[in-house]
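Asker: My questions concern the predicted model and sequence given below.
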Amino acid sequence: MFKVSEIANWIQAKVANPEFADPDATAGINSVSIKRLTTLKEAGSGDLAFFFSKHYQDDLMATRASVIVTGNDFVKSLEATGLSQWKSSAFLACADPYGALAILSSHFSRRQSAHDHQLLSSKASVHPSAVVHPTAKVAASAEIGANAVIEHDCVIEAGAVIYPGCYIGPGSKLGESSVLFPNVSLYERTQIGKRVRIHAGTVIGADGFGYAPIIDPTTKKQIGHRKIYHLGRVVIEDDVEIGANSSIDRGTMGDTVIRKQAKIDNQVQVGHNCDVGEGSVLCGAAGMAGSSSLGKFVIVGAQSGTGNQVHVGDYVKLGGYTGAAKDLPPDTEWFGVPARPMREFFRLFALQSKLLKDRDKDR
């Protein structure tokens with residue numbers, strides 16, 4: 001449990017409602033302890049919730065949360081509404097409530113498996129059923145779960161955590177304080193940096209999808225597929241997080257690279273020789289075709305994709321279901337298939353809607 005004064009300090013917030021502003025008052029912030037973070041709808045006594053979107057106004061009016069974190073821009077309107085919660089709950093106002101959620105989640109998740117596993121063990125913790133090759137170098141503070149397999153010439157650095165059922169192929173490296181959740185597979189020579197988190201069921205380093213056609217010399221028609229074996233690696237830099245059941249393929253020749261701070265959602269496909277730029281985000285079910293690349297802090301919306309060898313520039317945003325079939329310049333926003341500038345897409349959509357209405361009037 002945490003005092004409200006602690007929480008306010010972590011997120012650089014101030015108490016917005018005067019009933020709770022005096023820390024020495026009976027109802028002051030030091031009289032309240034918070035046991036968990038939850039939604040406005042589910043919150044009760046001892047809970048903290050967040051309000052930073054007008055979509056949750058109805059939930060706000062009914063909440064019983066002890067503390068509500070909101071944005072500075074919401075304070076005046078909240079005070080003017082006469083909400084009963086303004087007198088019964090402590091409102092903490094800060095510049096970035098969504099960022100505050102990220103900060104507080106790290107404090108409240110210390111005992112959950114999805115936390116960062118930042119505390120190093122004092123001695124090796126290797127489950128008796130784990131299979132560790134004698135040539136593998138495993139740091140004393142690493143933790144290895146049941147039925148995990150670590151092949152020859154692997155390096156497992158300090159504070160790394162390997163959950164049950166993981167496979168780490170020959171010559172792979174798992175960096176300091178990185179975490180593999182259950183049943184993650186790393187094919188041979190995969191290189192993973194520090195503080196990387198890879199969630200359950202993800203496969204790193206499988207062969208890319210490459211086949212050369214076999215052509216009948218007489219008919220000139222295709223009669224089969226000849227597999228292209230992939231000789232490269234996957235290299236994942238520091239502070240990357242990859243969701244569950246995603247796939248990142250090894251390079252054909254050369255590496256597939258996921259650069260520092262990139263965030264990849266569940267069920268995402270990254271093809272051979274792709275380069276995911278620093279801080280870029282791939283949302284659920286997105287896909288990158290072989291040898292395509294993202295610049296810095298690109299956002300690829302859900303079920304969007306990039307074509308072969310396409311480069312998406314720095315700070316580009318692709319809306320959901322967008323297909324990038326050509327290179328896209330930096331600092332732009334795109335939507336649709338094929339991708340169009342976002343404003344153009346919605347103007348075209350509005351025009352199509354108007355044409356349909358006009359057609360229906362003439363019938």
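Answerer: Looks like it arrived, so ask away.
Asker: mind listing the strands for the stretch 1-150 of the chain?
Answerer: Secondary structure of the stretch 1-150 of the chain (DSSP state E, counting those that start in this stretch): strands at 2-3, 14-15, 33-34, 36-37, 47-51, 67-71, 90-94, 125-126, 131-132, 137-138, 143-144, 149-150.
Asker: May I have the strands that pair with the fourth one, each with its orientation?
Answerer: Paired strands of strand 36-37, with direction, are strand 47-51 (parallel) (DSSP bridges).
Asker: pLDDT averaged over the strand it pairs with - what is it?
Answerer: The average pLDDT for strand 47-51 rounds to 97.
Asker: how about it as PDB, C-alpha atoms only?
Answerer: Output of strand 47-51 as PDB, limited to C-alpha atoms (Å, rounded to 0.1, in the frame of the first residue of the first chain):
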ATOM      1  CA  ASP A  47      -8.300   2.300  -5.000                       C
ATOM      2  CA  LEU A  48      -6.800   4.700  -7.500                       C
ATOM      3  CA  ALA A  49      -8.300   5.300 -10.900                       C
ATOM      4  CA  PHE A  50      -7.600   7.600 -13.900                       C
ATOM      5  CA  PHE A  51      -9.700  10.100 -15.700                       C
END
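Asker: circling back: would TSV of the strands of the stretch 1-150 of the chain with mean neighbour count and distance to Asp314 be doable?
Answerer: Any C-beta I mention is one placed from the backbone N, CA and C, and that applies to glycine too. Output for those, formatted as TSV (neighbours: other Cβ atoms under 10 Å; distance: least, Cβ to Cβ, whole Å):
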stretch	mean neighbour count	distance to Asp314
strand 2-3	16	38
strand 14-15	16	35
strand 33-34	17	39
strand 36-37	17	33
strand 47-51	23	30
strand 67-71	24	28
strand 90-94	24	29
strand 125-126	16	42
strand 131-132	16	42
strand 137-138	17	37
strand 143-144	24	37
strand 149-150	22	38
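Asker: Can you add distance to Ala286 and give those back as a markdown table?
Answerer: A markdown table is the format used below for the strands of the stretch 1-150 of the chain (distance: least, Cβ to Cβ, whole Å):
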| stretch | distance to Ala286 |
| --- | --- |
| strand 2-3 | 36 |
| strand 14-15 | 39 |
| strand 33-34 | 36 |
| strand 36-37 | 28 |
| strand 47-51 | 27 |
| strand 67-71 | 29 |
| strand 90-94 | 31 |
| strand 125-126 | 36 |
| strand 131-132 | 35 |
| strand 137-138 | 34 |
| strand 143-144 | 31 |
| strand 149-150 | 30 |
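Asker: Out of those strands, which is closest to Val203?
Answerer: Nearest of the strands of the stretch 1-150 of the chain to Val203, taken as Cβ to Cβ: strand 149-150 at 14.4 Å.
Asker: Centre of the chain to that closest one, how far?
Answerer: 26 Å (Cα atoms, centre = their mean, to the nearest Å).
Asker: which strands and helices sit next to it?
Answerer: strand 131-132, strand 167-168 (3 or more Cβ pairs under 8 Å, 6 or more residues apart in numbering; DSSP states H and E).
Asker: ok, now with 6 Å
Answerer: Packed against strand 149-150 by the contact rule (3 or more Cβ pairs under 6 Å, 6 or more residues apart in numbering; DSSP states H and E) you find no helix or strand.
Asker: How are the helices of the stretch 1-150 of the chain distributed by residue range?
Answerer: In the stretch 1-150 of the chain, the helices defined using DSSP state H, counting those that start in this stretch lie at 4-11, 18-21, 57-62, 75-81, 85-88, 97-108.
Asker: What's the mean pLDDT across the longest one?
Answerer: For helix 97-108, mean pLDDT rounds to 93.
Asker: Quick one: residues in contact with that helix.
Answerer: Here helix 97-108 makes contact (Cβ atoms under 6 Å, 6 or more residues apart in numbering) with Trp10, Ile11, Leu37, Phe50, Phe52, Val69, Thr70, Gly71, Cys94.
Asker: Which one of those is nearest to Asp327?
Answerer: For those, the nearest to Asp327 is Phe52 (35.6 Å; Cβ to Cβ).
Asker: Number of residues surrounding the residue nearest to that closest one when sequence neighbours are not counted?
Answerer: In space, and not counting its chain neighbours, Phe52 is closest to Pro97: 4.0 Å by Cβ to Cβ, 6 or more residues apart in numbering. Counted with other Cβ atoms under 10 Å, residues neighbouring Pro97 total 22.
Asker: Check Ser66 too.
Answerer: Residues near Ser66, counting by other Cβ under 10 Å: 22.
Asker: try Asp153
Answerer: Based on other Cβ under 10 Å, the number of other residues close to Asp153 is 16.
Asker: Ser109 now?
Answerer: Residues near Ser109, counting by other Cβ under 10 Å, number 13.
Asker: which ones are touching Ala43?
Answerer: The contact partners of Ala43, by Cβ under 6 Å, 6+ apart, come to Ala49, Thr63, Ala65.
Asker: shouldn't the first one be in contact with Leu40?
Answerer: Yes - taking contacts as Cβ atoms under 6 Å, Ala49 lies within contact range of Leu40: 4.5 Å.
Asker: Turn the contacts of helix 97-108 into CSV, including distance to Glu241.
Answerer: Listed next are those as CSV, based on distance: Cβ to Cβ, whole Å:
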residue, distance to Glu241
Trp10, 21
Ile11, 22
Leu37, 19
Phe50, 21
Phe52, 23
Val69, 23
Thr70, 27
Gly71, 26
Cys94, 24
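Asker: quick one: which of those is nearest Gly175?
Answerer: Trp10 (27.3 Å).
Asker: how far away is the residue lying closest to that closest one once chain neighbours are set aside from Gln222?
Answerer: In space, and not counting its chain neighbours, Trp10 is closest to Ile103: 5.6 Å by Cβ to Cβ, 6+ apart. Note on Ile103: its distance to Gln222, by Cβ to Cβ, to the nearest Å, is 56 Å.
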